[in-house]
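> just coords:
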(Lines give C-alpha, C1' and ligand atoms only; values in the text may rest on other atoms or scores of the structure.)
Protein backbone atom coordinates (compact mmCIF):
# COMPACT_ATOMS: atom_id res chain seq x y z
CA UNK A 1 0.00 0.00 0.00
CA UNK A 2 2.86 2.40 0.87
CA UNK A 3 4.53 1.69 -2.48
CA UNK A 4 1.30 2.42 -4.33
CA UNK A 5 0.83 5.65 -2.37
CA UNK A 6 4.41 6.74 -3.09
CA UNK A 7 4.00 6.13 -6.83
CA UNK A 8 0.71 8.06 -6.76
CA UNK A 9 2.34 11.02 -4.97
CA UNK A 10 5.30 10.95 -7.36
CA UNK A 11 2.90 11.13 -10.30
CA UNK A 12 1.15 14.12 -8.71
CA UNK A 13 4.51 15.80 -8.06
CA UNK A 14 5.69 15.19 -11.61
CA UNK A 15 2.43 16.48 -13.07
CA UNK A 16 2.55 19.65 -10.93
CA UNK A 17 6.10 20.52 -11.94
CA UNK A 18 5.57 19.69 -15.58
CA UNK A 19 2.35 21.52 -16.38
CA UNK A 20 3.92 24.99 -16.44
CA UNK A 21 6.56 23.87 -18.96
CA UNK A 22 4.82 21.32 -21.13
CA UNK A 23 1.16 20.83 -21.90
CA UNK A 24 2.12 17.57 -23.61
CA UNK A 25 2.24 14.10 -22.13
CA UNK A 26 4.70 13.80 -19.24
CA UNK A 27 3.83 10.68 -17.29
CA UNK A 28 3.25 6.98 -17.75
CA UNK A 29 -0.21 5.57 -17.10
CA UNK A 30 -1.53 2.05 -17.56
CA UNK A 31 -5.19 2.91 -18.14
CA UNK A 32 -6.60 0.60 -20.87
CA UNK A 33 -3.18 -1.00 -21.32
CA UNK A 34 -3.05 -4.72 -22.12
CA UNK A 35 -0.12 -7.10 -21.86
CA UNK A 36 1.26 -7.97 -25.30
CA UNK A 37 4.36 -9.87 -24.25
CA UNK A 38 5.89 -11.20 -21.05
CA UNK A 39 9.56 -12.09 -20.68
CA UNK A 40 11.79 -12.97 -17.77
CA UNK A 41 13.11 -9.42 -17.33
CA UNK A 42 10.28 -7.30 -18.69
CA UNK A 43 6.59 -6.99 -19.54
CA UNK A 44 5.42 -5.12 -22.63
CA UNK A 45 2.06 -3.32 -22.60
CA UNK A 46 0.15 -1.70 -25.43
CA UNK A 47 -2.65 0.86 -25.28
CA UNK A 48 -5.42 1.54 -27.82
CA UNK A 49 -3.84 4.92 -28.68
CA UNK A 50 -0.66 3.17 -29.85
CA UNK A 51 1.43 3.76 -26.72
CA UNK A 52 3.87 0.94 -25.93
CA UNK A 53 5.17 0.57 -22.37
CA UNK A 54 8.06 -1.68 -21.42
CA UNK A 55 8.16 -2.37 -17.70
CA UNK A 56 11.26 -3.75 -15.96
CA UNK A 57 11.75 -4.45 -12.25
CA UNK A 58 13.12 -0.94 -11.60
CA UNK A 59 12.49 0.93 -14.85
CA UNK A 60 9.66 1.94 -17.20
CA UNK A 61 9.98 3.09 -20.81
CA UNK A 62 6.96 4.41 -22.70
CA UNK A 63 6.94 5.30 -26.38
CA UNK A 64 3.95 7.32 -27.58
CA UNK A 65 2.48 7.53 -31.07
CA UNK A 66 3.51 11.19 -31.43
CA UNK A 67 7.18 10.29 -30.84
CA UNK A 68 7.34 11.23 -27.17
CA UNK A 69 9.39 8.87 -25.01
CA UNK A 70 9.44 8.64 -21.22
CA UNK A 71 12.23 6.76 -19.46
CA UNK A 72 11.81 6.47 -15.68
CA UNK A 73 14.62 4.75 -13.79
CA UNK A 74 13.24 4.11 -10.30
CA UNK A 75 16.63 2.99 -8.99
CA UNK A 76 18.32 6.31 -9.77
CA UNK A 77 15.13 8.36 -9.30
CA UNK A 78 15.54 10.05 -12.70
CA UNK A 79 12.75 10.50 -15.22
CA UNK A 80 13.50 11.81 -18.70
CA UNK A 81 10.83 12.91 -21.15
CA UNK A 82 11.99 13.38 -24.74
CA UNK A 83 9.77 15.06 -27.34
CA UNK A 84 9.81 14.78 -31.11
CA UNK A 85 10.91 18.42 -31.52
CA UNK A 86 14.08 17.72 -29.50
CA UNK A 87 12.97 19.35 -26.25
CA UNK A 88 13.34 17.41 -23.01
CA UNK A 89 12.19 17.40 -19.41
CA UNK A 90 14.41 15.78 -16.78
CA UNK A 91 13.25 15.26 -13.21
CA UNK A 92 15.78 14.03 -10.69
CA UNK A 93 13.73 13.00 -7.68
CA UNK A 94 16.74 12.15 -5.53
CA UNK A 95 18.28 15.57 -6.08
CA UNK A 96 14.92 17.35 -6.08
CA UNK A 97 15.52 19.15 -9.37
CA UNK A 98 13.63 19.64 -12.60
CA UNK A 99 15.46 20.62 -15.78
CA UNK A 100 13.64 21.65 -18.93
CA UNK A 101 15.69 21.77 -22.14
CA UNK A 102 14.23 23.51 -25.18
CA UNK A 103 14.78 22.24 -28.72
CA UNK A 104 17.55 24.83 -29.21
CA UNK A 105 19.40 23.67 -26.08
CA UNK A 106 18.31 26.38 -23.63
CA UNK A 107 18.10 25.02 -20.07
CA UNK A 108 15.92 26.04 -17.16
CA UNK A 109 16.52 24.38 -13.78
CA UNK A 110 14.13 24.47 -10.84
CA UNK A 111 15.32 23.20 -7.47
CA UNK A 112 12.71 21.69 -5.16
CA UNK A 113 15.02 21.25 -2.18
CA UNK A 114 13.59 23.18 0.75
CA UNK A 115 10.18 23.35 -0.92
CA UNK A 116 6.91 21.43 -0.78
CA UNK A 117 5.69 19.37 -3.74
CA UNK A 118 3.63 22.44 -4.68
CA UNK A 119 6.74 24.63 -4.92
CA UNK A 120 6.12 26.59 -1.72
CA UNK A 121 9.16 27.37 0.44
CA UNK A 122 9.42 25.50 3.72
CA UNK A 123 10.31 27.82 6.61
CA UNK A 124 13.23 27.10 8.89
CA UNK A 125 12.49 27.00 12.62
CA UNK A 126 15.38 27.65 14.99
CA UNK A 127 15.47 27.81 18.76
CA UNK A 128 18.62 28.29 20.80
CA UNK A 129 19.53 27.41 24.37
CA UNK A 130 22.76 28.62 25.85
CA UNK A 131 24.38 27.65 29.11
CA UNK A 132 27.95 28.83 29.25
CA UNK A 133 30.08 27.62 27.68
CA UNK A 134 27.65 25.51 25.63
CA UNK A 135 25.23 26.63 22.92
CA UNK A 136 22.65 24.22 21.53
CA UNK A 137 20.65 24.96 18.37
CA UNK A 138 17.48 23.03 17.59
CA UNK A 139 16.63 23.50 13.92
CA UNK A 140 13.74 22.33 11.74
CA UNK A 141 15.73 22.02 8.51
CA UNK A 142 13.78 22.67 5.27
CA UNK A 143 16.48 20.95 3.23
CA UNK A 144 15.91 17.71 5.10
CA UNK A 145 12.15 17.96 4.55
CA UNK A 146 9.57 17.82 1.77
CA UNK A 147 6.72 19.53 3.61
CA UNK A 148 6.08 22.15 6.26
CA UNK A 149 5.35 20.73 9.71
CA UNK A 150 1.70 19.98 10.39
CA UNK A 151 0.31 20.66 13.87
CA UNK A 152 1.45 17.28 15.21
CA UNK A 153 5.00 17.62 13.84
CA UNK A 154 5.11 21.14 15.28
CA UNK A 155 3.91 19.73 18.60
CA UNK A 156 6.71 17.16 18.47
CA UNK A 157 9.26 19.88 17.70
CA UNK A 158 8.13 21.80 20.79
CA UNK A 159 8.08 18.65 22.92
CA UNK A 160 11.57 17.63 21.85
CA UNK A 161 12.87 21.14 22.48
CA UNK A 162 11.43 21.04 25.98
CA UNK A 163 13.33 17.79 26.58
CA UNK A 164 16.58 19.43 25.43
CA UNK A 165 15.93 22.52 27.51
CA UNK A 166 15.19 20.43 30.60
CA UNK A 167 18.53 18.68 30.25
CA UNK A 168 20.54 21.83 29.56
CA UNK A 169 18.91 23.68 32.45
CA UNK A 170 19.94 20.90 34.83
CA UNK A 171 22.57 21.87 37.35
CA UNK A 172 24.39 18.64 36.51
CA UNK A 173 24.60 19.32 32.78
CA UNK A 174 28.19 18.33 31.89
CA UNK A 175 28.26 19.58 28.29
CA UNK A 176 31.40 21.30 27.03
CA UNK A 177 30.82 21.38 23.25
CA UNK A 178 28.31 23.26 21.15
CA UNK A 179 25.66 21.06 19.56
CA UNK A 180 23.24 21.28 16.66
CA UNK A 181 20.08 19.21 16.73
CA UNK A 182 18.38 19.00 13.32
CA UNK A 183 14.83 17.89 12.57
CA UNK A 184 13.67 16.78 9.13
CA UNK A 185 10.13 15.88 8.07
CA UNK A 186 9.57 13.51 5.15
CA UNK A 187 5.86 13.55 4.38
CA UNK A 188 5.40 12.65 0.71
CA UNK A 189 8.66 10.83 -0.09
CA UNK A 190 8.89 12.30 -3.58
CA UNK A 191 12.35 13.84 -3.87
CA UNK A 192 15.69 14.77 -2.35
CA UNK A 193 16.64 13.45 1.09
CA UNK A 194 13.05 12.26 1.45
CA UNK A 195 12.89 10.20 -1.76
CA UNK A 196 11.01 7.00 -0.95
CA UNK A 197 10.43 7.96 2.71
CA UNK A 198 6.86 8.67 3.87
CA UNK A 199 5.66 10.09 7.20
CA UNK A 200 9.01 10.05 8.98
CA UNK A 201 10.70 12.56 11.24
CA UNK A 202 14.45 12.45 11.77
CA UNK A 203 16.28 14.00 14.72
CA UNK A 204 20.05 14.24 14.31
CA UNK A 205 22.53 15.32 16.99
CA UNK A 206 25.62 16.93 15.47
CA UNK A 207 28.89 18.24 16.82
CA UNK A 208 30.39 20.36 14.08
CA UNK A 209 29.99 18.29 10.91
CA UNK A 210 29.97 15.00 12.78
CA UNK A 211 26.62 13.25 13.25
CA UNK A 212 26.57 11.71 16.72
CA UNK A 213 23.16 10.05 16.64
CA UNK A 214 20.02 10.04 14.48
CA UNK A 215 16.55 9.09 15.67
CA UNK A 216 13.76 8.10 13.29
CA UNK A 217 10.10 8.43 14.27
CA UNK A 218 6.80 7.70 12.51
CA UNK A 219 5.16 11.14 12.37
CA UNK A 220 1.68 9.60 12.31
CA UNK A 221 2.28 8.41 15.88
CA UNK A 222 2.68 11.98 17.13
CA UNK A 223 -1.11 12.08 17.47
CA UNK A 224 -0.75 9.62 20.35
CA UNK A 225 0.25 11.58 23.47
CA UNK A 226 1.80 8.52 25.14
CA UNK A 227 3.90 7.75 22.07
CA UNK A 228 5.03 11.36 21.78
CA UNK A 229 6.02 11.32 25.44
CA UNK A 230 7.93 8.09 24.85
CA UNK A 231 9.80 9.62 21.89
CA UNK A 232 10.56 12.74 23.92
CA UNK A 233 12.03 10.61 26.70
CA UNK A 234 14.29 8.89 24.15
CA UNK A 235 15.65 12.30 23.14
CA UNK A 236 16.15 13.29 26.76
CA UNK A 237 17.82 10.02 27.75
CA UNK A 238 20.25 10.19 24.85
CA UNK A 239 21.08 13.78 25.72
CA UNK A 240 22.01 12.56 29.18
CA UNK A 241 24.84 10.56 27.63
CA UNK A 242 26.47 13.45 25.77
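Arrived safely. All values derive from a computational prediction rather than experimental measurement. Numbering: from 1, shown residues only.
> quick one: residue 232 is in a strand?
No: counting by DSSP: H, G, I helix; E, B strand; the rest coil, residue 232 is not part of a strand but helix.
> how far away is residue 59 from residue 229?
44 Å (CB to CB, to the nearest Å). From N, CA and C alone the C-beta is placed, and that goes for glycine too.
> tally of neighbours for residue 67?
10 (other CB atoms under 10 Å).
> do the same with residue 35
Residue 35 has 11 nearby residues by other CB under 10 Å.
> contacting residues for it?
By CB atoms under 8 Å, 6 or more residues apart in numbering, the contact list for residue 35 reads 43-45.
> List just the nearest of the residues you listed to residue 235.
Nearest to residue 235 out of the contacts of residue 35 is residue 43 (CB to CB; 46.7 Å).
> If I look at that closest one, what pLDDT would I see?
Looking at residue 43, its pLDDT reads 97.
> my guess is it contacts residue 37, does it?
Yes: between residue 43 and residue 37 there is a contact under CB atoms under 8 Å: 7.4 Å.
> Neighbour count: the two, which is higher?
Shown here are residue 43 and residue 37; by other CB under 10 Å, residue 43 has more neighbours (13 against 10).
> Quick check on the residue most central in space within the chain: phi, psi?
Residue closest to the average C-alpha location in the chain (CA atoms, centre = their mean): residue 194, at 2.5 Å. The phi and psi values for residue 194, taken as degrees, to the nearest 10, are phi -100, psi 0.
> How about residue 218?
phi -80, psi 110.
> How about the one 10 residues further on?
The phi and psi values for residue 228, taken as degrees, to the nearest 10, are phi -60, psi -40.
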